[in-house]
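*Asks:* the following block contains a protein sequence and its predicted model.
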Amino acid sequence: MNRVRSCMIRNYKLNFTGHYKEEQIIRTIKSIPRPKALPIIGNSLDLLKGGRGSRLHEYIDERHRKLGKIFIEQFGSTDLIFLSDAALIKTVFINLEGKYPMHILPEPWILYEKLYGKKRGLLFMDGEEWLGNRRIMNKYLLKYNTDTWIKDPVTYTINKFIESWKEKAKKSIIVDDVAAEFYKVSTNVVIQVLLGNVTPPPSNHHDELLSLFSSSVQKIFETTTKLYGIPLSLCQRLNLKIWTDFKECVDLSLLLANKLVNEMLAIKNEGDGLIKRLVDENIDDVNISRIVTDFIIAAGDTTAYTSLWIFYLLSKNPQEINNIRCKGRDYIPFVIKESMRLYPVAPFLTRIMPKDCYLGDYEVKAGTPIIASIYTSGRDEQYFTDPEKFLPSRWDRNSISKERFINHEPSASLPFALGARSCVGRKIAMLQLTELIWQVVDNFDFECLHSDNIKAITSQVLIPNKSYALELKLLNK
């Protein structure tokens, strides 16, 4: 086991010769703090009081405040270790996750795949299958200079999106369903990255299809959250509405995503995008379809909801809009990092330990699930000065006010995770978010309407508890 000596606790006892002898005591998982639980039902009542799945980030945050930066919570029959210690979280991703990192998928997703036998993409793969496909995706999406070929499709798509807003905003415009708008543009960005220098096949119903698709993906997350803490196999066997709602939106999302993928595969050799690059790697159409379908479904999470939070925060902090206009594009990554620190799309990151190891002072067995509470660590005053405030300049090393930020630990905020199984689409996400923010700020004055008392809720991802509208007015240049 690694790091044994640093993880032992020293104890000294008087031996029979009259001298003190050092005795090493290993803390086991049983020594990790845990909340009191009732027999049989465990912590179910606490979870219900905490809003069940919808307020899980707050529920776990409160647990950390009471029990510390590492604790165990039993969900169902499984013990989960929750971490908000930045150093330990980094250790999990860099040193302990192993060659084939395994993560925890929501039970409804696993059951659906098992029941209906629909092979899915990278998110569902493990072992050599995952590693081989992930290395190919890394080659084109994450290696140095790969963003040079990604940038053009992203910029082209955002330009088209902004032009449509400009046309509507010649007088003024109120965008009522901002989430749907951002979902559509996020999906279009991914489609263009997949195709490269060709445009999607013309369709009179493209926008309607994307609207239906984005709506169905959102419902996957909503219905998954509603199934949280409920006996899943019973729901499925009895065909309860809560299960059928989930199944129907997954069915529809996969159907629509496959339709999009099949249209792109029909012209796979015409462009220079990701699909063509996967073809050149001798990946067959079946596996390309698996990978690309899940890639499209996952696209909306990071970028659409992060966009929602960013424009909400900018509207509440207009001085930061001025900072973007004055300092230019280089300031935007700080805005994105700060938004994702406060509202990480995935408030929890998960890994399953591949072998026996030491986690800080504790001996942890292979197969133990670890949950990194990055919502909590990102708002911890030990890691960030004024953690509840939206202060993008805290990320600027050249800021004249950097001395103000006594505490600043970047590894406490990991919205894209770390390690081999970190977000494969993070460069696409950062390029899209940067371009979108710049073009909106550079072309419009904007204000969020109906945005009072907005709070974050967990719907598998962290989303606003209610929708807001965005009022846009063209800037006079």
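*Replies:* Yep, it's here. From a predicted model like this one, the values you see are computed outputs, not experimental measurements.
*Asks:* now do the strands in the stretch 51-200 of the chain.
*Replies:* In the stretch 51-200 of the chain, the segments counted as strands under DSSP state E, counting those that start in this stretch are 70-75, 78-83, 173-175.
*Asks:* reformat the ones you listed as TSV; add mean pLDDT and distance to Gln460.
*Replies:* For the C-beta atoms, the positions are set from N, CA and C on the backbone; glycine is no exception. Converted to TSV, the strands of the stretch 51-200 of the chain look like this (pLDDT from 0 to 100; distance: least, Cβ to Cβ, whole Å):
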stretch	mean pLDDT	distance to Gln460
strand 70-75	90	15
strand 78-83	92	16
strand 173-175	90	25
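*Asks:* would you map the helices across the stretch 351-477 of the chain?
*Replies:* 374-377, 426-443 (DSSP state H, counting those that start in this stretch).
*Asks:* okay, the ones you listed in TSV with distance to Ile275, mean pLDDT and mean neighbour count next?
*Replies:* Below are the helices of the stretch 351-477 of the chain laid out as TSV (distance: least, Cβ to Cβ, whole Å; pLDDT from 0 to 100; neighbours: other Cβ atoms under 10 Å):
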stretch	distance to Ile275	mean pLDDT	mean neighbour count
helix 374-377	32	98	26
helix 426-443	14	96	21
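*Asks:* any chance of those helices in CSV, plus distance to Arg65?
*Replies:* Shown next, in CSV, are the helices of the stretch 351-477 of the chain (distance: least, Cβ to Cβ, whole Å):
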stretch, distance to Arg65
helix 374-377, 8
helix 426-443, 30
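*Asks:* of all those helices, which one comes closest to Thr306?
*Replies:* helix 426-443 (6.2 Å; Cβ to Cβ).
*Asks:* what's the closest one packed up against?
*Replies:* helix 147-168, helix 178-195, helix 285-316, helix 318-327, helix 332-342 (3 or more Cβ pairs under 8 Å, 6 or more residues apart in numbering; DSSP states H and E).
*Asks:* which among those is found nearest to Pro35?
*Replies:* Nearest of the helices and strands packed on helix 426-443 to Pro35, taken as Cβ to Cβ: helix 332-342 at 26.1 Å.
*Asks:* before we move on, back to that, quick one: closest of the helices of the stretch 351-477 of the chain to Trp130.
*Replies:* Trp130 lies closest, by Cβ to Cβ, to one member of the helices of the stretch 351-477 of the chain: helix 426-443, at 17.5 Å.
*Asks:* before we move on, which element is the residue nearest the centre of the chain in?
*Replies:* Centroid check for the chain by Cα atoms, centre = their mean gives Ala346 as the closest residue, at 3.6 Å. Taking DSSP states H and E as the definition, Ala346 sits outside all helices and strands.
*Asks:* so where is the stretch 201-350 of the chain shaky, pLDDT-wise?
*Replies:* Within the stretch 201-350 of the chain, the segments meeting pLDDT under 70 span 201-204.
*Asks:* coming back round to it: how about a markdown table for the helices and strands packed on helix 426-443, with mean neighbour count added?
*Replies:* Putting the helices and strands packed on helix 426-443 into a markdown table (neighbours: other Cβ atoms under 10 Å) gives the following:
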| stretch | mean neighbour count |
| --- | --- |
| helix 147-168 | 17 |
| helix 178-195 | 24 |
| helix 285-316 | 22 |
| helix 318-327 | 15 |
| helix 332-342 | 22 |
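*Asks:* so what's Glu181 closest to, chain neighbours aside?
*Replies:* Distances taken as Cβ to Cβ, 6 or more residues apart in numbering place Val175 nearest to Glu181, at 5.8 Å, with adjacent residues excluded.
*Asks:* what residues are up against that neighbour?
*Replies:* 165, 181, 469-472 (Cβ atoms under 8 Å, 6 or more residues apart in numbering).
*Asks:* and it, what are its bridge partners?
*Replies:* Leu470 (DSSP bridges).
*Asks:* distance of the residue nearest to the centre of the chain from Thr302?
*Replies:* In this view, Ala346 and Thr302 are 8 Å apart by Cβ to Cβ, to the nearest Å.
*Asks:* returning to what we had before: and the helices of the stretch 351-477 of the chain: which comes nearest Arg237?
*Replies:* Among those, helix 374-377 comes nearest to Arg237, with 34.3 Å by Cβ to Cβ.
*Asks:* for that closest one, what is the distance to the chain centroid?
*Replies:* In terms of Cα atoms, centre = their mean, to the nearest Å, the centre of helix 374-377 is found 13 Å from the chain centre.
*Asks:* and it, what does it pack against?
*Replies:* helix 56-67, helix 86-91, strand 348-352.
*Asks:* return the most buried member of those.
*Replies:* Compared across the helices and strands packed on helix 374-377, strand 348-352 shows the largest average neighbour count, a mean of 21 (mean count of other Cβ atoms under 10 Å).
*Asks:* run through who's touching it.
*Replies:* For strand 348-352, using Cβ under 8 Å, 6+ apart, the contacting residues are 56-57, 60, 89, 92-93, 96-97, 101-104, 367-375, 414, 417, 421.
*Asks:* related to what we said a few turns ago, let's have the strands of the stretch 51-200 of the chain in JSON lines, adding distance to Leu342.
*Replies:* Shown next, in JSON lines, are those (distance: least, Cβ to Cβ, whole Å):
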{"stretch": "strand 70-75", "distance to Leu342": "23"}
{"stretch": "strand 78-83", "distance to Leu342": "19"}
{"stretch": "strand 173-175", "distance to Leu342": "23"}
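*Asks:* looking at those strands, which is nearest to Asp251?
*Replies:* Comparing the strands of the stretch 51-200 of the chain against Asp251 with Cβ to Cβ, the closest turns out to be strand 70-75 (27.1 Å).
*Asks:* for the helices and strands packed on helix 374-377, which one sits closest to Leu142?
*Replies:* Leu142 lies closest, by Cβ to Cβ, to one member of those: strand 348-352, at 17.6 Å.
*Asks:* hang on, the earlier thing: and of the helices and strands packed on helix 374-377, who's closest to Trp130?
*Replies:* strand 348-352 (13.1 Å).
*Asks:* now the closest one and helix 56-67, what's the angle there?
*Replies:* With axes from the mean of the first three to the mean of the last three Cα atoms, to 10 degrees as the basis, strand 348-352 and helix 56-67 are set at 70 degrees to each other.
*Asks:* can you list the domain ranges for the protein.
*Replies:* Listed by automatic domain parsing, the domain ranges of the chain are 1-117+347-378, 118-342+415-477.
*Asks:* can you list these in JSON lines and add distance to Asp386?
*Replies:* Formatted as JSON lines, the domains of the chain follow (distance: least, Cβ to Cβ, whole Å):
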{"stretch": "domain 1-117+347-378", "distance to Asp386": "13"}
{"stretch": "domain 118-342+415-477", "distance to Asp386": "11"}
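*Asks:* between the contacts of Val175, which sits nearest Arg394?
*Replies:* Nearest to Arg394 among these: Leu470, at 26.0 Å, using Cβ to Cβ.
*Asks:* how much space between the closest one and Tyr331?
*Replies:* In this view, Leu470 and Tyr331 are 21 Å apart by Cβ to Cβ.
*Asks:* and these two? which has more neighbours close in?
*Replies:* Higher neighbour count among Leu470 and Tyr331: Leu470, with 24 against 19, using other Cβ atoms under 10 Å.
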